[in-house]
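Chemist: no FASTA, just this:
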């Protein structure tokens, strides 16, 4: 009975959040946050890939921005310089980025722990340099403008309102797919690798292959996000794909909760809202306050916001039901 | 005459200068409980790891049901029917007891990322079978009521049983138990003995490394004694208990014992 009530409340909250999500971009509601929400959606897509890789499989990556950037540049260059249909460019970008992750995945996952972190860090830095230096294709540090909008038939995604729904359609689809994977045979294999590689191996799980597969999946997510990113901004430059960007993706994953799929939204939202909205008024003090908030979240909710808030809600509910029962 | 489940021929394993296994010739018969005993450093766990494929053989050969194993990856050996437990348990702490056992069904199911991502009917069907079978193995070791508990919240004795259920879920022909009795009380050890016999009756050959002599002598139909990487004796429990070399290896030479 208790469990039923709990999950019922859970469904209600989830439903309320989805309705809120659908209403945000309307003029009479929170239209002013449309752009912010588009970025949150895009960041969530990258973050959930890292959650699968880091939170479920236990493999660190400090270079996810490389894949985000690859998707962005594939879409930008193919659709602008070569007049490829933007959807096709997005698909080519995702496939190429996935193939790239597959090829580097086998050697890179021979490494563990700190060494793996170093290798992925190197990957991120190398890609960033390539984005800057291959200027005949990428436009170099100045970037390139005039990237076309995505469109379906005659329907252009030329307003923020429309792109908002496009981005969140992709984002929710990716979250749903990830949720399904986590609760499957493959998901158990990933968690087993995190729990004990020796034991996973002894149960017939091809550890190396699963690590590479999830790495490829996270790269494809990031690539799709990168494509949506440039078709939204219609501009691309190397800066959003630098080392700091990779670190921010890790921060989002950790804040939201590494081992929770839906936590990715909370992580991305927290980081974006703090850095794009709330902390602007603090001027140059914002970094310090930002750091403090991150520290507090980690101290009081070490499993991330998603699990933390759920537990806080449970505690509150328990307190109120007890108080009601006492007199 | 019964066919041998596992055979080693002049098997050697060296770690740098240390000889862990030295020209070991061994034949484990199918359908029996065999125990390997020997003092610390005799090479028992090394033998397990070589059979499981944790590290490569230095020299010699391992045959499993007649097939040479030497360079096969661990996960393929599991698919062929070799399963094991670990001395230090190694349960997945991020899963429930049931999920731990379900993970053991990995090689007996096929559906992958794609079917899972889209929740295709194949995924549903397989997931149902996996969960049913896992529940069966959990009940077999007597942990059915703890299915939804986190694996590491169980006491050590039950954790050990859970690793056996997890290994059984790979549906092996050959099960290697690495010190299953360590850390168990007398009652738990008796239950463990009964469980191992039931596993044998299911047609699974069992090989165990164990230090508890009462458990070994009461359980094993065949005992192999290793010392410094070599086989010094082999026989029934009664034969081993009378063997002078074994007594010497365990207690030191007779002169020294007085």
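Modeler: Okay, I see it. Everything numeric in this text was worked out from a predicted model, so none of it was measured. Numbering: from 1, shown residues only, chains lettered A, B, ... in the order given.
Chemist: What residues of stretch A:223-235 count as buried?
Modeler: Buried residues in stretch A:223-235, counted by 16 or more other Cβ atoms under 10 Å in any protein chain shown: A:223-233. The C-beta positions use only the backbone N, C-alpha and C, and glycine is treated the same way.
Chemist: now residue B:39, what's its secondary structure?
Modeler: Secondary structure assignment for residue B:39 (DSSP: H, G, I helix; E, B strand; the rest coil): coil.
Chemist: Revised request: answer the last question for residue B:206.
Modeler: Using three-state DSSP, the structure places residue B:206 in strand.
Chemist: Are we agreed that residue A:72 is in a helix?
Modeler: Yes. Under three-state DSSP, residue A:72 sits within a helix.
Chemist: Check the gap between it and chain B for me.
Modeler: 24 Å (Cβ to the nearest Cβ, to the nearest Å).
Chemist: got it, and residue A:240?
Modeler: For residue A:240, the distance to chain B - Cβ to the nearest Cβ - is 28 Å.
Chemist: Quick one: residues contacting that residue.
Modeler: Residues near residue A:240 by Cβ atoms under 8 Å, 6 or more residues apart in numbering or on different chains: A:65, A:68-69, A:72, A:229.
Chemist: Walking through the stretch 1-150 of chain B, point out its helices one by one.
Modeler: Along the stretch 1-150 of chain B, the segments classed as helices by DSSP state H, counting those that start in this stretch run B:44-52, B:74-80, B:97-104, B:113-117, B:121-140.
Chemist: for the ones you listed, which one ends up most surrounded?
Modeler: Greatest average neighbour count among these goes to helix B:97-104 (a mean of 28), per mean count of other Cβ atoms under 10 Å in any protein chain shown.
Chemist: Near chain A, which residues of the stretch 101-250 of chain B are found?
Modeler: For the stretch 101-250 of chain B, the contact set with chain A under Cβ under 8 Å from any Cβ of the partner chain comprises B:102-107, B:109, B:111-113, B:115-119, B:123, B:126-127, B:130, B:166-167, B:169-170.
Chemist: ok, and the most crowded of the contacts of residue A:240?
Modeler: Among these, residue A:68 has the most neighbours (other Cβ atoms under 10 Å in any protein chain shown), with 32 neighbours.
Chemist: quick one: that residue is in a helix?
Modeler: Yes. According to three-state DSSP, residue A:68 belongs to a helix.
Chemist: roughly how far apart are it and residue B:49?
Modeler: According to Cβ to Cβ, to the nearest Å, residue A:68 and residue B:49 sit 41 Å apart.
Chemist: And for residue B:5?
Modeler: Remark: distance between residue B:5 and residue B:49 (Cβ to Cβ) = 18 Å.
Chemist: can you check residue B:185 too?
Modeler: Noted for residue B:185: a distance of 28 Å to residue B:49, by Cβ to Cβ.
Chemist: Kindly indicate which of the buried residues of stretch A:223-235 lies nearest chain B.
Modeler: Of all the buried residues of stretch A:223-235, chain B sits closest to residue A:224, with 14.0 Å by Cβ to the nearest Cβ.
Chemist: The closest one: what's its closest spatial neighbour, skipping adjacent residues?
Modeler: In this structure, residue A:224 finds its nearest non-sequential neighbour in residue A:94, 5.6 Å apart by Cβ to Cβ, 6 or more residues apart in numbering or on different chains.
Chemist: my guess is the one you found meets residue A:226, correct?
Modeler: No. Judged on Cβ atoms under 8 Å, residue A:94 makes no contact with residue A:226 at a distance of 9.3 Å.
Chemist: what do these two both touch?
Modeler: residue A:71.
Chemist: which SSE is the most centrally placed residue in chain A in?
Modeler: Central residue of chain A (Cα atoms, centre = their mean): residue A:47, 2.1 Å from the mean position. Take DSSP states H and E as the rule and residue A:47 turns out to sit in helix A:34-50.
Chemist: circling back to that earlier point, would you format the helices of the stretch 1-150 of chain B as CSV with mean pLDDT included?
Modeler: Output for the helices of the stretch 1-150 of chain B, formatted as CSV (pLDDT from 0 to 100):
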stretch, mean pLDDT
helix B:44-52, 91
helix B:74-80, 92
helix B:97-104, 95
helix B:113-117, 86
helix B:121-140, 92
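Chemist: between those, which one is nearest to residue A:155?
Modeler: Taking Cβ to Cβ, helix B:113-117 is the member of the helices of the stretch 1-150 of chain B nearest to residue A:155, at 27.1 Å.
Chemist: which secondary structure elements does that closest one contact?
Modeler: Helices and strands in packing contact with helix B:113-117 are listed as helix A:160-182, helix A:185-195, helix B:121-140; criterion 3 or more Cβ pairs under 8 Å, 6 or more residues apart in numbering or on different chains; DSSP states H and E.
Chemist: Let me know the pLDDT of residue 150.
Modeler: Picking chain A for this. Listed pLDDT for residue A:150 reads 87.
Chemist: ah, no, chain B please
Modeler: So, for residue B:150, pLDDT stands at 93.
Chemist: Which residue, other than its chain neighbours, is closest to it?
Modeler: Nearest non-adjacent residue to residue B:150, counting by Cβ to Cβ, 6+ apart: residue B:96, 6.0 Å away.
Chemist: go on, residue A:126?
Modeler: Computed as Cβ to Cβ, 6+ apart, the closest residue to residue A:126 that is not its neighbour in sequence is residue A:66, at 7.6 Å.
Chemist: Number of residues surrounding that neighbour?
Modeler: Other residues lying near residue A:66 total 31 when counted by other Cβ under 10 Å.
Chemist: OK, contacts around it?
Modeler: A:123-124, A:126-128, A:241, A:246.
Chemist: Quick check: the gap between it and residue A:118.
Modeler: 14 Å.
Chemist: Please enumerate the strands of chain B.
Modeler: B:4-15, B:18-29, B:33-37, B:59-64, B:67-68, B:82-84, B:174-178, B:205-209, B:222-227, B:230-235 (DSSP state E).
Chemist: Residue A:79 is nearest to which of the ones you listed?
Modeler: Nearest to residue A:79 among those is strand B:82-84; the distance by Cβ to Cβ comes to 52.5 Å.
Chemist: Tell me which residues are up against the closest one.
Modeler: Contact partners of strand B:82-84, identified using Cβ under 8 Å, 6+ apart, comprise A:202, B:48, B:51-52, B:64, B:104, B:167-168, B:170, B:172-178.
Chemist: Count the residues that sit near residue A:184.
Modeler: Residues near residue A:184, counting by other Cβ under 10 Å: 23.
Chemist: ok, and the closest non-adjacent residue to it?
Modeler: Nearest residue to residue A:184, sequence neighbours excluded (Cβ to Cβ, 6+ apart): residue B:116, at 3.3 Å.
Chemist: wait, doesn't that neighbour sit right on residue A:181?
Modeler: Yes. The pair residue B:116 / residue A:181 is scored as a contact, 5.0 Å apart, by Cβ under 8 Å.
Chemist: How about the contacts made by the residue in the stretch 151-258 of chain B positioned nearest to chain A?
Modeler: Per Cβ to the nearest Cβ, residue B:170 is where the stretch 151-258 of chain B lies closest to chain A, at 5.9 Å. Shown in contact with residue B:170 (Cβ under 8 Å, 6+ apart): A:203-204, B:78, B:81, B:83, B:104-108.
Chemist: Output the residues you listed as a markdown table; include the columns distance to residue A:215.
Modeler: Converted to a markdown table, the contacts of residue B:170 look like this (distance: Cβ to Cβ, whole Å):
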| residue | distance to residue A:215 |
| --- | --- |
| A:203 | 21 |
| A:204 | 21 |
| B:78 | 23 |
| B:81 | 31 |
| B:83 | 28 |
| B:104 | 25 |
| B:105 | 25 |
| B:106 | 19 |
| B:107 | 22 |
| B:108 | 26 |
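Chemist: tell me which parts of the stretch 201-327 of chain A are close to chain B?
Modeler: Residues of the stretch 201-327 of chain A lying near chain B by Cβ under 8 Å from any Cβ: A:201-207, A:213, A:217, A:259.
Chemist: Counting neighbours, which of these comes out on top?
Modeler: Highest neighbour count within those, by other Cβ under 10 Å: residue A:202, with 28 neighbours.
Chemist: give me every residue that touches it.
Modeler: Residue A:202 is in contact with B:52, B:74, B:78, B:83-84, B:86, B:167, counting by Cβ under 8 Å, 6+ apart.
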